[in-house]
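Visitor: The following comprises the amino acid sequence and a computationally predicted model.
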Amino acid sequence: MIKKGVKILLVLGLAALVAIQFIRPEKNNDGYKSVAAFEAETKPSEQVASILKESCYDCHSNQTRYPWYAELAPFSLWLNDHIIDGKKHFNVSAWSEYTVKKKEHKLEELVEMVENEEMPLRSYAFVHGNISEDDRKLLLQWAGLVRLQYKHQLEVSSR
């Protein structure tokens, strides 16, 4: 009796796995907005731009590079959820739409998350590799300098 119940559960599980393959989240590569405005305004060095591309843009821009397993559910759904959540918090493709105050705040959050080693997410770093301590320092130094520029703009505009 128990074996029959286990078989039924396995068949139902397999059927569910096959069925969710037909649920296809929209890809995050709209081609409409890019990271160009963000990079033009924040002027990262080549090395920092490379760090951003390799460790940030997949979830924090409209330019996601999808790994092979992104075609398989439930991974496709899980990745889509990460991208939606990441862009909700910080989307460099929407940078030109942010106010100066919001830009400064977003960079403050970036610094905090990178300093606390909360970004990149462990699940992302597990698959794609984590950033080195030297790269982390470069990223933090760049973000700190850009934040200072935005703070200065805020001070000037409030006078």
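Guide: Yep, that arrived. Fair warning: this is a prediction, and the values are worked out from it, not measured in the lab.
Visitor: neighbours of the closest residue to residue 45 other than its chain neighbours, just the number please.
Guide: In space, and not counting its chain neighbours, residue 45 is closest to residue 142: 6.9 Å by C-beta to C-beta, 6 or more residues apart in numbering. For every residue, glycine as well, the C-beta is placed using N, CA and C. Close neighbours of residue 142, defined as other C-beta atoms under 10 Å, add up to 22.
Visitor: How about residue 42?
Guide: 22.
Visitor: Is it in contact with residue 147, as I believe?
Guide: No. Assessed by C-beta atoms under 8 Å, residue 42 is found out of contact with residue 147, at 9.9 Å.
Visitor: Now do the helices in this structure.
Guide: 2-20, 36-42, 46-55, 57-60, 75-89, 100-115, 122-128, 133-157 (DSSP state H).
Visitor: if you compare those helices, which one is most tucked away?
Guide: Stretch with highest mean neighbour count among the helices of the chain: helix 57-60 (a mean of 22; mean count of other C-beta atoms under 10 Å).
Visitor: Show the contacting residues for residue 124.
Guide: 55, 58, 59, 82 (C-beta atoms under 8 Å, 6 or more residues apart in numbering).
Visitor: ugh, wrong one, residue 65
Guide: 57, 58.
Visitor: and it, backbone torsions?
Guide: phi -100, psi 120 (degrees, to the nearest 10).
Visitor: what about the residue positioned nearest the centre of the chain, distance to residue 121?
Guide: By C-alpha atoms, centre = their mean, the chain has its centre lying nearest to residue 59, at 2.1 Å. Using C-beta to C-beta, to the nearest Å, residue 59 is found at 8 Å from residue 121.
Visitor: joint contacts of these two?
Guide: Common neighbours of residue 59 and residue 121 (C-beta under 8 Å, 6+ apart) are residue 82.
Visitor: returning to that earlier point: between the contacts of residue 124, which is nearest residue 157?
Guide: residue 59 (31.2 Å; C-beta to C-beta).
Visitor: Hmm, the closest one is touching residue 86, no?
Guide: Yes. If you go by C-beta under 8 Å, residue 59 and residue 86 touch, sitting 3.2 Å apart.
Visitor: Flag the shaky bits of the protein, pLDDT-wise.
Guide: 1-2, 16, 19, 31-33 (pLDDT under 70).
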